[in-house]
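A.B. asks: sequence and predicted structure, then a few things I'm wondering about:
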Amino acid sequence: MKILTAAKINLSLDVTGRLDNGYHLIESVFQTVGIYDEITVDLAENGINISCELPESFAKSDPIPCDERNIAYKAAKLLFETAGITSDCRIHIKKGIPSQAGMGGGSTDAAAVLYCLNKLTGERFNSAELAVMGKKLGADVPFFFTGGTAYVGGIGEEIASLPEWSGRTLVIAKGTEGVSTGEAYARIDALSEPLHPDTQGLVQAIKVSPDEAHCFFGNLFEQAVQLEEVFSLKRSMLAEGAASALITGSGSAVFGYFTDTEAAEKCAAKLSEQGYFAQVCETVSNSFITIR
């Protein structure tokens, strides 16, 4: 089975507290976007085998382990164990989503593997059960079984679909710098007087005035993740006509929301010329596109 599995961005992301076990409470609006990894899964023999294919532009800045450390491997092992079946598989990951970018590249791969293996082994689980399984792999994994536009709370397990905000034009760009999630959250914890984004205002805007939703975009991590590339990308996007520009997740990718597709394409071309990963895409309503 071969599918495309979508990246996500955070239209808003706030950290509202920290539990005794170290997990952080968030309040966010997630959105799937049309930048994809391609996942091929075959039932096979001789264990769980992972292979990875990276664009040349990713190879230096985004090393990906193609062994049991890969979250896709862990997803396959978890599904087989949960289903109580003895099976093996081959998984090929063709990356289109940059890593350490706050775009859920690993999480969407894990969700895709659960989705594909569930299909290939007789559909033992529904989407809700796959989401519960995915939570064991990472906080962002369950969202990809919902996709589209969704409010996400708690430690990522509270997911409520919102009216679709699909078909909106974005430029997504990332430089060579990356931020580990652990380091980013440590910086959040160190903030003394953080300015919290209005996530509930964004939720309401998406429901009643979606064309104005960008006025409520916000990400607390912008106050903690001090990367010059991030600020440079934001300045460039706004100068090229973006209605709003924001870091996504705790990583280092930046998205700009454009109402003019031609301006978006011009912006992406300029950023690409400067050596950044830069791509025009749209917000999309589903995580998975089946190829075969």
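C.D. replies: Nice, I can see it.
A.B. asks: show me where the stretch 1-150 of the chain has its helices.
C.D. replies: Remark: helices assigned in the stretch 1-150 of the chain by DSSP state H, counting those that start in this stretch are 56-59, 71-83, 105-120, 127-135.
A.B. asks: out of those helices, nearest to Val280?
C.D. replies: Comparison of the helices of the stretch 1-150 of the chain against Val280 by Cβ to Cβ identifies helix 56-59 as nearest, at 16.1 Å. Glycine gets a C-beta too; all of them are placed from N, C-alpha and C.
A.B. asks: any idea how far the closest one is from the chain center?
C.D. replies: Offset of helix 56-59 from its chain centre (Cα atoms, centre = their mean, to the nearest Å): 19 Å.
A.B. asks: surely Cys116 touches Glu38?
C.D. replies: No: using Cβ atoms under 8 Å as the test, Cys116 is too far from Glu38 to be in contact (11.6 Å).
A.B. asks: and for these two, which residues touch both?
C.D. replies: Listed as contacting both Cys116 and Glu38 by Cβ atoms under 8 Å, 6 or more residues apart in numbering are Ile3.
A.B. asks: so which of the helices of the stretch 1-150 of the chain is the most surrounded?
C.D. replies: Most buried of those by mean neighbour count (mean count of other Cβ atoms under 10 Å) is helix 105-120; its value is a mean of 25.
A.B. asks: can you list the domain ranges for the chain.
C.D. replies: Using automatic domain parsing, the domain parsing of the chain gives 2-163+286-290, 169-282.
A.B. asks: turn the ones you listed into JSON lines, including mean pLDDT.
C.D. replies: Below are those laid out as JSON lines (pLDDT from 0 to 100):
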{"stretch": "domain 2-163+286-290", "mean pLDDT": "94"}
{"stretch": "domain 169-282", "mean pLDDT": "93"}
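A.B. asks: what residues of stretch 42-51 count as buried?
C.D. replies: The neighbour-count check on stretch 42-51 (16 or more other Cβ atoms under 10 Å) flags 48-50 as buried.
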